[in-house]
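S.K.: Structure for the following, please:
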Amino acid sequence: MALSEQTKQQIQQAYRDMLAGKEVRARYGQRLMIAEIARYMGDITDNDGQRTSPPSACVVEAGTGTGKTLAYLIAAIPVAKALNKTLVISTATVALQDQIVLKDLPDLKKHSKLDINWTLAKGRGRYLCLSRLEGRLHDEGNGDSDTMPLFLLDAPGKEEPGTRAFFEEMLASYGGRKWDGDRDHWPEQIPDDIWRQVTTDHRQCTNRHCSYFDSCAFFEARKDLDAADIVVANHDLVLADLALGGGAILPEPENALFIFDEAHHLPDKALNHFAASISLNSTRSWLKQLSQMLVKMQPYLSPGTQGAKTLERISEAAREVDLVVTRVYEYCEHNITWEFNDERRSAQWRYPEGQLPDDMAELAAEARIASANFSRHLGALAEELQGAFDERKTHDIDRETAESWYPVIGSFHSRSEEQLRLWAAWCEETKSPPPARWTVRQRWDHGEDITLYSSPVLADDLLYTRLWSRAYGSVLTSATLTALGKFDRLRSRAGLPEDARYLVVPSSFRYQQMATVEVPAMKAMPTDDGFLEELIERLPTLWQGETATLVLFTSRRQMHQVRDALAGDYPGLIITQDDMAKGEVLRQHCARVDDGRPSVLFGVASFAEGIDLPGKYLHHVVITRLPFSVPDDPIDASLAEWVTQRGGNPFMEITVPEASIKLVQAVGRLLRTEEDTGRVTILDRRIVARRYGQLLLDSLPPFRRVIEY
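M.R.: Numbers count the residues shown, from 1 in each chain. Below you'll find the model as predicted:
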């Protein structure tokens, strides 16, 4: 379908209206991006609404200052409407998701003549479950509850951190419409262990059968989904939907135009999504809880009924799982050479080429059979309980019993499926590249556990078969999609189609005039013993005379060591990202700068990418060492092993390109607007002393270089 003249005019007019309404000038890079996305979408051919052209994607790298959100909205909305497709915008972070929904889309609607409506889509686990909140308050008020309190299922053996007053405040805020039930919109950060007590998943939710359905936060947020022109989601939700076959939560891929913002995160998100793990002692612990729960549930099911028989089968199957999990634990304990790390009190063992020893493979096969049997019976009981909600049929179980027990059984069923995923992954024949399979043993003051893991090492097949081959169209954008100036890394990791097209949008920044990148003379390399002492000595001279400095470390331990050594001599100057919540750290930093006082931020990886400090709030970025991946990461190690076997050089093919992306992101903290100025200092001399250093230096924006020798 070539773009109609009407659609082209809509795009052009919307852009003109937006510029006039916001009183801003057109940006060359923004216009280029709009044209490229519109051209790509116009080149998709279809028949009766189904794509007939080969799978393709449009990949656009656009740096800070391009205005890429506005560019893809203006290009894609008229096209999606003309095609009668839903536009699905997916982000990696909640912050960007909220920015698009609360700022960018309302701005576009206000200033352009585009007739649009949109909705926010988040997973069920981001929303309050009133049924669980009510149950939580009931359990706390009534210590002798008949059913198994649901919060116990989520935090075995942990002391309860939430207070009754907190949960009552939550209920009052939601009931009084002061809060929409979205975790991300609660005024303070809610810790995971508290939030788990008042949310649910699809296995525990009774949907329309729940007595709170009409006032459910999740379904309230979702009811506009089918009618929306634009659905703003996140990568995790898109991947969850694809895992369920596509179209279960979001529109079917065939009827959607996808825009992946922060697209550089997509391959890793996909790996996380299709990874699996099981903690052996924790599994035994919740199996004990299950046996207690089965005893409590027995009186509610009449003897001889299908439900009572299924309960017995679950009990028997749980014993089988417990036995085999115990044997796996003993095998791992005695047949793996564990080398403990003093700092973390943990040890890791990776199976080379993903190959399990014969004895372990046999145990995994037994565990898979036992777990499949166990999960099947739990699923059968969940169906029995769900059947009791249908009032048109007579049933052995009454509705009240079903309402009480369905979420409990659903929680256990969900856990049984998670462990089955691990055993199934460990029993799969290894492909090329083989999966990463590893075990971690952790010790605490009052116990220990062994966790088994499995993960694919590349997401290429997963993303191609589930997403690119099915989607009507896909746009990927981010400030960092190239590595060492090429798209090769993204293409291979994301499995992008052969017909994908690529564009790097030139930046509007005048890098030569705005900033310098400096590499001072250092006596020690980061791999030398004396580097930490030199770092401690050098940093105060670097931040002297500066109002706002960000110092980035690759190790938390080193960050704390440097802070401990310097904080006493510089009171009220240094804040580390571990001192308080991220938002509060940034707020305090900005407040100091506003008061005319200098401020130095210490951060690690998440501060190298996810913070925005424009203008006076950041003048100097200090990079203490090049951001090479930790060598003991089992997924990276497995991928490196595979590359080596194929005759490649994993350091140059994996490590250096990854470091390049991280370095560009770190440097990208400095210039956020066209008026910003400042400097970047790199204290790792490998950037000028090693052959690969020149590649990393050349991948940075073209700052003025100041290199001491």
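S.K.: show me what contacts Val59?
M.R.: Going by Cβ atoms under 8 Å, 6 or more residues apart in numbering, Val59 touches 263, 475-477, 481, 487, 490, 496, 500-503. (Each C-beta comes from the backbone N, C-alpha and C, glycine too.)
S.K.: ranges for the strands of the stretch 451-600 of the chain?
M.R.: Assigned by DSSP state E, counting those that start in this stretch, the stretch 451-600 of the chain shows strands spanning 473-478, 501-505, 515-519, 548-552, 574-576, 599-603.
S.K.: if we can go back for a sec, report the buried members of the contacts of Val59.
M.R.: The neighbour count (16 or more other Cβ atoms under 10 Å) marks 263, 475-477, 481, 487, 490, 496, 500, 502-503 as buried among these.
S.K.: Export the residues you listed to JSON lines and append columns for pLDDT and distance to Gly49.
M.R.: Below are these laid out as JSON lines (pLDDT from 0 to 100; distance: Cβ to Cβ, whole Å):
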{"residue": "Ala263", "pLDDT": "96", "distance to Gly49": "26"}
{"residue": "Val475", "pLDDT": "98", "distance to Gly49": "19"}
{"residue": "Leu476", "pLDDT": "98", "distance to Gly49": "23"}
{"residue": "Thr477", "pLDDT": "97", "distance to Gly49": "25"}
{"residue": "Leu481", "pLDDT": "96", "distance to Gly49": "30"}
{"residue": "Phe487", "pLDDT": "96", "distance to Gly49": "30"}
{"residue": "Leu490", "pLDDT": "96", "distance to Gly49": "30"}
{"residue": "Leu496", "pLDDT": "97", "distance to Gly49": "24"}
{"residue": "Ala500", "pLDDT": "96", "distance to Gly49": "22"}
{"residue": "Tyr502", "pLDDT": "97", "distance to Gly49": "27"}
{"residue": "Leu503", "pLDDT": "97", "distance to Gly49": "27"}
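S.K.: what would the residues you listed look like in CSV with distance to Thr310?
M.R.: Shown next, in CSV, are these (distance: Cβ to Cβ, whole Å):
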residue, distance to Thr310
Ala263, 46
Val475, 48
Leu476, 47
Thr477, 50
Leu481, 51
Phe487, 53
Leu490, 48
Leu496, 46
Ala500, 50
Tyr502, 55
Leu503, 57
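S.K.: Now tabulate the strands of the stretch 451-600 of the chain in JSON lines and tack on distance to Met652.
M.R.: Output for the strands of the stretch 451-600 of the chain, formatted as JSON lines (distance: least, Cβ to Cβ, whole Å):
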{"stretch": "strand 473-478", "distance to Met652": "23"}
{"stretch": "strand 501-505", "distance to Met652": "22"}
{"stretch": "strand 515-519", "distance to Met652": "21"}
{"stretch": "strand 548-552", "distance to Met652": "24"}
{"stretch": "strand 574-576", "distance to Met652": "34"}
{"stretch": "strand 599-603", "distance to Met652": "28"}
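S.K.: which one of those strands lies closest to Val324?
M.R.: For Val324, the closest of the strands of the stretch 451-600 of the chain is strand 473-478, at 42.6 Å, according to Cβ to Cβ.
S.K.: quick one, the closest one and strand 501-505 angle?
M.R.: Angle, strand 473-478 to strand 501-505, by axes from the mean of the first three to the mean of the last three Cα atoms, to 10 degrees: 30 degrees.
S.K.: Restricting to C-alpha, output strand 473-478 in PDB.
M.R.: Presented in PDB, the C-alpha positions along strand 473-478 are these (Å, rounded to 0.1, in the frame of the first residue of the first chain):
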ATOM      1  CA  GLY A 473       4.700  -3.600  10.800                       C
ATOM      2  CA  SER A 474       7.400  -2.800  13.400                       C
ATOM      3  CA  VAL A 475       9.500   0.300  14.100                       C
ATOM      4  CA  LEU A 476      12.500   0.100  16.500                       C
ATOM      5  CA  THR A 477      14.000   3.300  17.800                       C
ATOM      6  CA  SER A 478      16.500   4.400  20.500                       C
END
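S.K.: Tell me the pLDDT of the most centrally placed residue in the chain.
M.R.: With distances taken as Cα atoms, centre = their mean, Lys269 lies nearest the centre of the chain, 5.6 Å away. According to the prediction, Lys269 has pLDDT 95.
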